[in-house]
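Trainee: Here is the input, now give the coordinates:
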Amino acid sequence: MMIEIVKINLKDSKKSLHNLDWNDHTNNNRSGAQINTLYENGDKSIALVRFNPGAEAKPHIHNGFESIFVIEGSYQDEFGRHIEGDLIIYPNNSVHSWSSQEGALLYVVWGGIVESID
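Mentor: Numbers count the residues shown, from 1 in each chain. Predicted coordinates:
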């Protein structure tokens, strides 16, 4: 049985990410973001997410966890500003919004359903 792996060199992300298939990531009241889904299994996902300068998301709830590693750039939320090298872990049922003035590249792992809060 042959398995397929995903291997991306994040050390030189500008070169290695150029040829990836980026899709708009605008559900749940997001704007200015793109996603490249690396792995999905049920309600668990791993993805690279790119925020363009000025990207933002309105408040939303994760009924599972979310873990974000900032590869490049920065973003801010109710908990502060998160910069390159930061690892942020949001617990189950956390609510947050975010914005990115300069843009960012993120490695994101999450489980559960994400819902907008009106």
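
Trainee: Run through the strands of this structure in chain order.
Mentor: 23-24, 30-41, 44-62, 66-77, 80-83, 87-90, 94-100, 104-111, 114-116 (DSSP state E).

Trainee: To residue 5, which of those lies closest?
Mentor: strand 30-41 (9.9 Å; CB to CB). Where you see a C-beta, it was placed from the backbone N, CA and C, and this is true even at glycine.

Trainee: neighbouring strands for the closest one, and are they parallel or not?
Mentor: strand 23-24 (antiparallel), strand 44-62 (antiparallel) (DSSP bridges).

Trainee: Now do it against strand 104-111: the angle between them, please.
Mentor: Computed with axes from the mean of the first three to the mean of the last three CA atoms, to 10 degrees, the direction of strand 30-41 lies at 50 degrees from that of strand 104-111.

Trainee: Which positions in strand 30-41 come out as buried?
Mentor: If you call a residue buried by 16 or more other CB atoms under 10 Å, then strand 30-41 has these buried ones: 30, 32-36.

Trainee: coming back round to it: minimum distance to residue 4: which of the strands of the chain has it?
Mentor: Distance to residue 4, taken as CB to CB, is lowest for strand 30-41 among the strands of the chain, at 10.5 Å.
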